[in-house]
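In: whatever this is, show me its structure:
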Amino acid sequence: MCNLSGESSILAATKFSFMEYINQFIDTNKQRFIDELMAFLRIPSVSADSAYKHHVADAAAFVAQKLEAAGATDVEICNTAGHPIVYGQKLINPQLPTVVVYGHYDVQPPDPLDLWNSPPFEPVIKDEKIYARGACDDKGQVYMHIKAFELMMKNNALPCNIKFMIEGEEEVGSANLGDWIRANKERLKGDVILISDTSIISNDTPSIDVGLRGLSYLEVEVTGPNRDLHSGVYGGAVANPIQVLCEMISQLKDTKQHITVDGFYDDVLSVSDADRKAMALTPFDLNEYKADLGINEVRGETGYTTLERTGIRPTLELNGIWGGYTGEGSKTVLPSKAYAKISMRLVPNQNHETITKLFAQHFEKMAPSYVKVKVTPHHGGMPYLTETTSDAYIAAEKAMETTFGKKPIPTRGGGSIPIVALFEKELGLKSVLMGFGLDSDLIHSPNEHFGIFNFLKGIETIPHFFHNYTAIKTK
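Out: Below you'll find the predicted structure:
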């Protein structure tokens, strides 16, 4: 099926370089690739809302069909207690390395709908970008892998074994992936996990994430009176849960934006001055950053730069708050309950289960006697850090250097992919995070988009990773 030289018999016969053949194949099939991605994006696969359950199933079927069409064998839609996982593989030689490709086909809810310039599940192309929910996170990036696989299969240029594991619950914490992995360890045997669910610094400055923050996500509930009350009759005499909740939240950080939860920083891994100096080399224009966000000033933990605050420091953020009457017009009510959703991003050595317990204890302890509080954990995951000396990182670095024309910068991402630590724990496999999105792609926000340049650049770069990795592992 292939040899170890990194060049297939077809490529040798035509005397084309590997790069020339990749570019020719992409040029020939560019419009088809884009049209297929647009069809994928039309499926509203929102995993968080049960009303979309059949659409999530449709997205799984789409992935399975496209994998099979690209040349994968043993394609299966694997049911779980939640949404299904799509598995497929192409095993060409047991003596060759095996790359396991992970991604997800589920997407975030599109709300608030009124802030979208076009319907979130009716993709449009504007300014060479595809606008739709899931365009970058993660349908566009998953589809790069399927098309790169097709490219290698069509041209007899797949240099090693490949396995696909595409899930439908990443956006809700991958609750059932762990059980499925533990039940399928033999099937998932490999050498490395390849993931494209991250971003690059810019289209002119490629980068590879070497670290991800962990996550503790929870919901708090504050209860005052046993029912909603008339704000005129009872106002000023009974504690208002919304006000109490706001006061409690305001106490979770001090004036230096330092998190006040007892024990929160105990296990935080210190970053050396040398590593902080290396991070400072990342191209970053603070004025452009503020202009893009429409803000006058940045705000964060004292003593750290913006890049450090979003990469090497833990955070606590309020993701939503509600209570009382929020409909049209007025209703003079003193509510019985108030709620908030809170996420904490964690850095290496912090354990999400420990942090969740510490937060719950702290929040319950700080509650005044005139309210009751309840903390409900939702999901979480461990932080992750990889080495820039690993075979997989070097293969990805060389691949990006080939296609972008410059060596990528190692960076630490501010987001979380909780299952990366799970892969290492359960499968013993390291991951390489070779993403092609941009921070400006508005993932999780209205008007999410993915550049056509980035989509095609991913398809161009991925085959180089496979050939580089095979060459390194078969020396």
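
In: near the nearest residue to Ser196 once chain neighbours are set aside, how many other residues are there?
Out: Using C-beta to C-beta, 6 or more residues apart in numbering and skipping residues adjacent in sequence, the residue nearest Ser196 is Gln141, 4.0 Å away. Using the backbone N, CA and C atoms, a C-beta is placed for each residue, glycine as well. By the criterion of other C-beta atoms under 10 Å, Gln141 has 26 neighbours.

In: ok, Gln141 touching Ser199?
Out: No: in this structure, Gln141 is not within contact of Ser199 by C-beta atoms under 8 Å, at 9.6 Å.

In: which residues do these two both contact?
Out: Gly435, Phe436, Gly437 (C-beta atoms under 8 Å, 6 or more residues apart in numbering).

In: JSON lines for the residues you listed, including neighbour count and distance to Leu318?
Out: Listed next are the shared contacts of Gln141 and Ser199 as JSON lines, based on neighbours: other C-beta atoms under 10 Å; distance: C-beta to C-beta, whole Å:
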{"residue": "Gly435", "neighbour count": "23", "distance to Leu318": "27"}
{"residue": "Phe436", "neighbour count": "28", "distance to Leu318": "31"}
{"residue": "Gly437", "neighbour count": "25", "distance to Leu318": "25"}
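
In: which one is Ala399 nearest to, not counting chain neighbours?
Out: His464 (3.7 Å).

In: ok, the residue with the largest distance to the centre of the chain to Thr326 distance?
Out: For the chain, the C-alpha farthest from the mean C-alpha position belongs to Val233; by C-alpha atoms, centre = their mean, that distance is 48.6 Å. Remark: distance between Val233 and Thr326 (C-beta to C-beta, to the nearest Å) = 21 Å.

In: strands - which of the shared contacts of Gln141 and Ser199 land there?
Out: Gly437 (DSSP state E).

In: for stretch 233-244, the averaged confidence score.
Out: Stretch 233-244 carries an average pLDDT of 97.

In: could you list the buried residues of that stretch?
Out: Ala239, Asn240, Pro241, Ile242, Val244 (16 or more other C-beta atoms under 10 Å).

In: wait, which of these is closest to Thr310?
Out: Ile242 (29.8 Å; C-beta to C-beta).

In: output the lengthiest helix in the chain as PDB, nothing but the C-alphas.
Out: Counting residues, the longest helix found in the chain (DSSP state H) is helix 18-41. The C-alpha coordinates for helix 18-41 follow below in PDB (Å, rounded to 0.1, in the frame of the first residue of the first chain):
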ATOM      1  CA  PHE A  18       4.800  15.500  -2.400                       C
ATOM      2  CA  MET A  19       4.000  19.200  -1.900                       C
ATOM      3  CA  GLU A  20       3.200  19.700  -5.600                       C
ATOM      4  CA  TYR A  21       0.800  16.800  -5.700                       C
ATOM      5  CA  ILE A  22      -1.000  17.900  -2.500                       C
ATOM      6  CA  ASN A  23      -1.500  21.400  -3.900                       C
ATOM      7  CA  GLN A  24      -2.700  20.100  -7.200                       C
ATOM      8  CA  PHE A  25      -5.200  17.800  -5.500                       C
ATOM      9  CA  ILE A  26      -6.500  20.600  -3.300                       C
ATOM     10  CA  ASP A  27      -6.800  23.000  -6.300                       C
ATOM     11  CA  THR A  28      -8.700  20.500  -8.200                       C
ATOM     12  CA  ASN A  29     -11.100  19.600  -5.400                       C
ATOM     13  CA  LYS A  30     -11.300  23.000  -3.500                       C
ATOM     14  CA  GLN A  31     -14.900  23.800  -4.300                       C
ATOM     15  CA  ARG A  32     -16.100  20.300  -3.500                       C
ATOM     16  CA  PHE A  33     -14.300  20.400  -0.200                       C
ATOM     17  CA  ILE A  34     -16.000  23.700   0.700                       C
ATOM     18  CA  ASP A  35     -19.400  22.600  -0.500                       C
ATOM     19  CA  GLU A  36     -19.200  19.400   1.600                       C
ATOM     20  CA  LEU A  37     -18.200  21.400   4.700                       C
ATOM     21  CA  MET A  38     -21.100  23.800   4.100                       C
ATOM     22  CA  ALA A  39     -23.400  20.700   4.100                       C
ATOM     23  CA  PHE A  40     -21.900  19.500   7.400                       C
ATOM     24  CA  LEU A  41     -22.400  23.000   8.900                       C
END
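
In: counting by contacts, list what that helix packs against.
Out: If you count contacts as 3 or more C-beta pairs under 8 Å, 6 or more residues apart in numbering; DSSP states H and E, helix 18-41 packs onto helix 9-14, helix 53-70, strand 129-131, helix 139-154, helix 452-473.

In: let's see that with 7 Å instead.
Out: Contacts defined by 3 or more C-beta pairs under 7 Å, 6 or more residues apart in numbering; DSSP states H and E place helix 18-41 against helix 139-154, helix 452-473.
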